[in-house]
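Chemist: Mind folding the following:
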Amino acid sequence: MRKDSFNNIGRKTDAHLLQALHILFTEIQVLKRAIQDSFQTADTTVELRDAAFVKDTVGVSDRTLLRYQNLGLIQVYQRDKGGKKYFQLDDVLRLKRYLNG
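Modeler: Below you'll find the model as predicted:
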């Protein structure tokens, strides 16, 4: 067996493993969100803030905020008809604490 053929097999295996881990991570995030939603009661008021407030408060750019959304560090709570994103104030403050250490 040649050395190159072993490396190609290992890379394919690593890619499949990373893909499986990504799928698992996505499923965990969905379950986490469902659990959090089930604990919220109807009488609690949720303070929402738009993306501009989040960027100013946390100190990040549009692209970085989108990357944090894709990583699951902050979730969009609601969108209006124009597509404007709104985030929970608690999530914004948690993200700020996380980034500032």
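
Chemist: Domain ranges for this protein, per the record?
Modeler: Per automatic domain parsing, the domain ranges recorded for the chain read 1-41, 45-101.

Chemist: just the strands in the protein please.
Modeler: 48-50, 78-79, 85-88 (DSSP state E).

Chemist: Quick check: which ranges of the protein have low pLDDT?
Modeler: Scanning the chain for pLDDT under 70 picks out 1-11, 40-44.

Chemist: hey, which helix is longest across it?
Modeler: helix 3-39 (DSSP state H).

Chemist: among the strands of the chain, which is nearest residue 28?
Modeler: strand 85-88 (19.6 Å; Cβ to Cβ). To be clear about C-beta, it is placed using only N, CA and C from the backbone, and glycine gets the same treatment.

Chemist: Ok, which of the strands of the chain comes nearest residue 98?
Modeler: Of these, nearest to residue 98 by Cβ to Cβ is strand 85-88, at 13.9 Å.

Chemist: Pick out the residue closest to the middle of this protein.
Modeler: residue 72 (1.3 Å; Cα atoms, centre = their mean).

Chemist: can I assume that one is in contact with residue 29?
Modeler: Yes: Residue 72 lies in contact with residue 29 (Cβ atoms under 8 Å); the separation is 4.8 Å.

Chemist: returning to that earlier point: backbone dihedrals for the residue nearest to the centre of the chain, both of them.
Modeler: phi 90, psi 10 (degrees, to the nearest 10).

Chemist: now the one 10 residues further on
Modeler: With angles defined as degrees, to the nearest 10, residue 82 shows backbone torsions of phi -80, psi 0.

Chemist: who touches it in this structure?
Modeler: By Cβ atoms under 8 Å, 6 or more residues apart in numbering, the contact set of residue 82 is empty.
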